[in-house]
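**Q** can't give you the sequence, but here's the structure:
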C-alpha cells in the first residue's frame, strides 16, 4: 500500500504517474481476496471522481501521448467497477452506465472500437476488452444491446486470427498513428486477447469463441519454452520481453482446465483437426506461475521487461530481417526491418531494472481472478 496516495489511487513510483487502470486492478484484487476492503472502496471512489464527463477514463503511460478518452482503459475500469458492485447505481448516470455509453459510442464499425481519442487502429485486444465489459453488462442487466455488442466484438477479433492460431496485434489495415499496419502475431497480446475473450464467454457458449480461444491457446502453449516465452515469436518492438504476459497465460490455462470448459474446448479443436491437451495447459500454467514467482523475488513491483536470451534474440533478429511471410509483411522496407532488429538487440542488452506498477497491477488482478474461480490445475494453489 505504500504506492497509494491520499485520495485512494495508486501512483507509479518510477515515473511519478497516476494511471487510473492500475488502481482499478489493485482494488479489484483486494476485494476478491477479502483484504483491505475499505481501502479498495476508497480507491474505486477515487476512480469515479476522475471519470470524464463523457464517461471515459484516460490512460497515463510513460513515453506515450494522446491517450485521452481511452476505450481500453474505460472498458477495463468499467468491468472491474461492475464486478465489484461499485459505481453501479440504478440511475442512468452511474459511473458504469456512463462508461458503457462511452464504449458503445466508440464502435467505429461492427466490433471495432477506437483505442483512444487519437488512436484509430483496429486493435484486437482492445476489442476483446470491450467484449468482456459488454458481457458483464449483459449479465448484470439482461439488456440485449450489450449482448449484441459483445458478439460483434468477438467476431471482429476472431476473423483476423491466423491459421496457426495466433492473433495479430491489429487488423491488416494501416491506421493512424502508425506508418505501417501491425497485423503480426505477438505472445504478450495473444495472452491478453484470450484473457478478455474468456471473460466475455467463460463457458465457451458462443460458437466463435469455442474454436478461436482453444486454437489461440494451442499457439500460446507452443510459444512457451521450458522457463519463459519464446520472444523470437514477438514481432512488435513495443512488447518484446514484457513480463505482464505470464499472469494472463496462467489464468487462461487454469480456466480452460476447468472440466466442462476443457470438454468444450477439446471437442472443438478435435473437430478442427487440432489437439488441446490437459498436459500442455498444466505446463503453461506452471511455467507462467514459476516465472511470476521469480519476478516477485526481486521486488514488490515486477520488472517491466525480462531478458529474452541470446538465442531467442538472434532468432528474432533473423526473422525481422529475412522473413517475408505473413508474420512480417513483405512490404515492410529494409530500413524498417533493420530498425526493428536493432530495437530488439538494444532491449536485450539494456538495463532490466525498471519496475512497473502497471504490470504488477495486472498480475494481481489476473491471479486474484484465478483464486476466485478456483484452482483447476494441481499444485498452483501455493
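**A** Right, received. Where do you want to start? The model shown is predicted, which means the values in this text are computed figures rather than measured ones.
**Q** helices and strands around the helix or strand of the chain with the lowest mean pLDDT, which ones?
**A** Every helix and strand in the chain was compared by mean pLDDT, DSSP states H and E; the lowest is helix 334-349, with a mean of 73. If contacts are counted by 3 or more C-beta pairs under 8 Å, 6 or more residues apart in numbering; DSSP states H and E, helix 334-349 sits against helix 310-322. Placement of C-beta: from N, CA and C, glycine included.
**Q** how far off centre is the least confident helix or strand of the chain?
**A** How far helix 334-349 lies from its chain's middle: 24 Å, per C-alpha atoms, centre = their mean, to the nearest Å.
**Q** remind me which residues of the stretch 51-200 of the chain are low pLDDT?
**A** 65-66, 89-92 (pLDDT under 70).
**Q** how about the strands in it?
**A** Taking DSSP state E, counting those that start in this stretch as the test, the strands found in the stretch 51-200 of the chain are 107-109, 112-113.
**Q** give me the contacts around the first one.
**A** The one in question is strand 107-109. 113-114, 120, 130, 149, 152, 156 (C-beta atoms under 8 Å, 6 or more residues apart in numbering).
**Q** can you redo the strands of the stretch 51-200 of the chain as TSV with mean neighbour count and distance to residue 83?
**A** Below are the strands of the stretch 51-200 of the chain laid out as TSV (neighbours: other C-beta atoms under 10 Å; distance: least, C-beta to C-beta, whole Å):
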stretch	mean neighbour count	distance to residue 83
strand 107-109	13	22
strand 112-113	25	20
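**Q** skip the chain neighbours and tell me the closest residue to residue 26.
**A** Closest residue in space to residue 26, ignoring its immediate chain neighbours: residue 361 at 5.0 Å, by C-beta to C-beta, 6 or more residues apart in numbering.
**Q** so for the one you found, what's the pLDDT?
**A** Reading off the confidence values, residue 361 has pLDDT 96.
**Q** now do the helices in this structure.
**A** 20-33, 37-50, 71-84, 95-105, 124-141, 144-158, 187-200, 207-222, 245-256, 259-271, 278-298, 310-322, 334-349, 357-373 (DSSP state H).
**Q** quick one: buried residues of the fourth one?
**A** If you call a residue buried by 16 or more other C-beta atoms under 10 Å, then helix 95-105 has these buried ones: 95-100, 102-104.
**Q** which helices and strands does it pack with?
**A** Applying 3+ C-beta pairs under 8 Å, 6+ apart, we find helix 95-105 packed against helix 71-84, helix 124-141, helix 144-158.
**Q** can you give me the angle it makes with helix 144-158?
**A** 50 degrees (axes from the mean of the first three to the mean of the last three C-alpha atoms, to 10 degrees).
**Q** next, the angle helix 124-141 makes with helix 95-105.
**A** Using the same axes, to 10 degrees, helix 95-105 lies at 130 degrees relative to helix 124-141.
**Q** who's in contact with helix 95-105?
**A** Outside helix 95-105, the residues touching it (C-beta under 8 Å, 6+ apart) are 47-48, 51, 54-57, 69, 71, 74-75, 77-78, 81-82, 86-88, 91, 113, 130, 133-134, 137, 145-146, 149.
**Q** list the contacts for residue 154?
**A** 111, 128, 131, 197, 200-201, 206, 208-209.
**Q** any idea which residue sits dead centre in the protein?
**A** By C-alpha atoms, centre = their mean, the chain has its centre lying nearest to residue 192, at 2.7 Å.
**Q** wait, what's in contact with the residue lying closest to that residue once chain neighbours are set aside?
**A** Nearest residue to residue 192 in three dimensions, chain neighbours excluded: residue 125, at 4.5 Å (C-beta to C-beta, 6+ apart). Listed by C-beta under 8 Å, 6+ apart, the contact set of residue 125 reads 72, 169, 189, 192-193, 196.
**Q** could I get the contacts of strand 107-109 as CSV with distance to residue 248?
**A** Below are the contacts of strand 107-109 laid out as CSV (distance: C-beta to C-beta, whole Å):
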residue, distance to residue 248
113, 20
114, 23
120, 25
130, 17
149, 23
152, 23
156, 20
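**Q** which member of those residues is positioned nearest residue 340?
**A** The closest of these to residue 340 turns out to be residue 120 (C-beta to C-beta; 22.3 Å).
**Q** I'd assumed residue 178 was in contact with the closest one.
**A** No: using C-beta atoms under 8 Å, residue 120 is not in contact with residue 178, being 9.4 Å away.
**Q** who's more crowded, the two?
**A** residue 120 (16 against 12; other C-beta atoms under 10 Å).
**Q** any idea how far the more buried one is from residue 345?
**A** For residue 120, the distance to residue 345 (C-beta to C-beta, to the nearest Å) stands at 31 Å.
**Q** coming back round to it: which residues touch the residue nearest to the centre of the chain?
**A** Residues near residue 192 by C-beta under 8 Å, 6+ apart: 125, 128, 244-245, 248.
**Q** could you redo the last one with a cut-off of 10 Å?
**A** Residues near residue 192 by C-beta atoms under 10 Å, 6 or more residues apart in numbering: 72, 124-126, 128-129, 167, 186, 239, 242, 244-245, 248-249, 252, 362, 366.
**Q** next: residue 284.
**A** Listed by C-beta under 10 Å, 6+ apart, the contact set of residue 284 reads 191, 217, 220-224, 246, 249-250, 252-254, 256-257, 377.
**Q** same deal with residue 368?
**A** When contacts are counted by C-beta under 10 Å, 6+ apart, residue 368 touches 25-26, 28-33, 35, 247, 251.
**Q** do residue 223 as well
**A** 165-166, 185-188, 190-191, 229-234, 245, 249, 284.
**Q** and if you look at residue 28?
**A** Counting by C-beta under 10 Å, 6+ apart, the residues that residue 28 touches are 40, 43-44, 76-77, 79-81, 83-84, 86, 361, 364-365, 368-369, 372.
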